[in-house]
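Colleague: below is the sequence, then the predicted model.
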Amino acid sequence: MRFTFFLTLSAFLLNPLLAQTVIRSIETDEAVVALTFDDGPHATQTPRLLEFFAAEDIRVTFFEIGRNVAAHPELARAILEAGHEIGNHSKTHPMLGNIEDIAVVRAELVETQAIIEEATGFTPVIFRAPYLSHGPALWTVLDELQLPSIGASHSGRDWEAAVTKEDIIEASVKAGAGDIILLHTWPGKTADALPEIVSQLRAKGLRFVTVSELLALAKPSE
Ligand SMILES: [Zn+2]
């Protein structure tokens, strides 16, 4: 499983056309979709999400901020122990696309890898840019660390104050096979929306996988 994933990921990274591409979805014959939650761990919302996903027997991906993992290492461990995936979401959540100093960008990513490793023993193999903001320095560091940058095909826009639970549901359930849905850990309205999102996506015949599992199910590009 792990080995298959590694080969697929290598195929992505070794392809020069894909090397500086944000992965928003994949082509697949499998009826799979990935739910992703950014910006945790969060003291109250992470446990709430974990409880829901355990009850529903669903695995998802959390793109975690390094300084939040340092504050709540036990929650990072709980995420992995429940079978979910953790990705790197930088240490302090800056607009990385605007930072030209490679050393500054490198520290954001490398220190987060180290914080997550220290907390959990696990080294993330995927990255999501804060604000999905990319620039030349970030691409250089992603290449150094061999981390693919994960975007999304569907966004709940749940960080916006005016967006309602119903809006989040409507945007999320448009997803289909191979899609990646971007949500956040901290908004209560997102957790409120999840039962309906899960129910409607299941009604479309979709099952939930982590981002690494999704990448491993991509059809060869030839
Ligand atoms: Zn974020």
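Modeller: The structure has been received and is ready for your questions.
Colleague: what is the neighbour count of the closest residue to residue 27 other than its chain neighbours?
Modeller: Residue nearest to residue 27 in three dimensions, not counting chain neighbours: residue 219, with 4.8 Å by CB to CB, 6 or more residues apart in numbering. Glycine gets a C-beta too; all of them are placed from N, C-alpha and C. Neighbourhood size, residue 219 [other CB atoms under 10 Å]: 11.
Colleague: would you say residue 219 is within a strand?
Modeller: No: applying DSSP: H, G, I helix; E, B strand; the rest coil, one finds residue 219 to be coil, outside a strand.
Colleague: what phi and what psi does the backbone show at it?
Modeller: phi -70, psi 140 (degrees, to the nearest 10).
Colleague: can you give me the pLDDT of it?
Modeller: The per-residue pLDDT reported for residue 219 equals 92.
Colleague: ok, now which ones touch the residue nearest to residue 82 when sequence neighbours are not counted?
Modeller: Leaving aside its sequence neighbours, residue 82 sits nearest to residue 50 (CB to CB, 6+ apart; 5.6 Å). Contact partners of residue 50, counting by CB atoms under 8 Å, 6 or more residues apart in numbering, are 78, 79, 82, 84.
Colleague: remind me which helix or strand residue 50 belongs to.
Modeller: Per DSSP states H and E: residue 50 is located in helix 45-56.
Colleague: got the CA coordinates for the lengthiest helix in the chain in CSV?
Modeller: Ranked by number of residues, the top helix in the chain under DSSP state H is helix 102-120. Output of helix 102-120 as CSV, limited to C-alpha atoms (Å, rounded to 0.1, in the frame of the first residue of the first chain):
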residue,chain,number,x,y,z
ILE,A,102,14.1,30.7,0.1
ALA,A,103,15.5,30.3,3.6
VAL,A,104,12.4,31.8,5.1
VAL,A,105,10.1,29.6,3.1
ARG,A,106,12.3,26.5,3.8
ALA,A,107,12.1,27.1,7.5
GLU,A,108,8.3,27.3,7.4
LEU,A,109,8.1,23.8,5.8
VAL,A,110,11.1,22.1,7.3
GLU,A,111,10.3,23.2,10.9
THR,A,112,6.7,22.0,10.4
GLN,A,113,7.9,18.6,9.2
ALA,A,114,10.1,18.4,12.3
ILE,A,115,7.3,19.5,14.7
ILE,A,116,4.9,16.9,13.3
GLU,A,117,7.6,14.2,13.4
GLU,A,118,8.4,15.0,17.0
ALA,A,119,4.7,15.0,18.0
THR,A,120,3.7,11.8,16.1
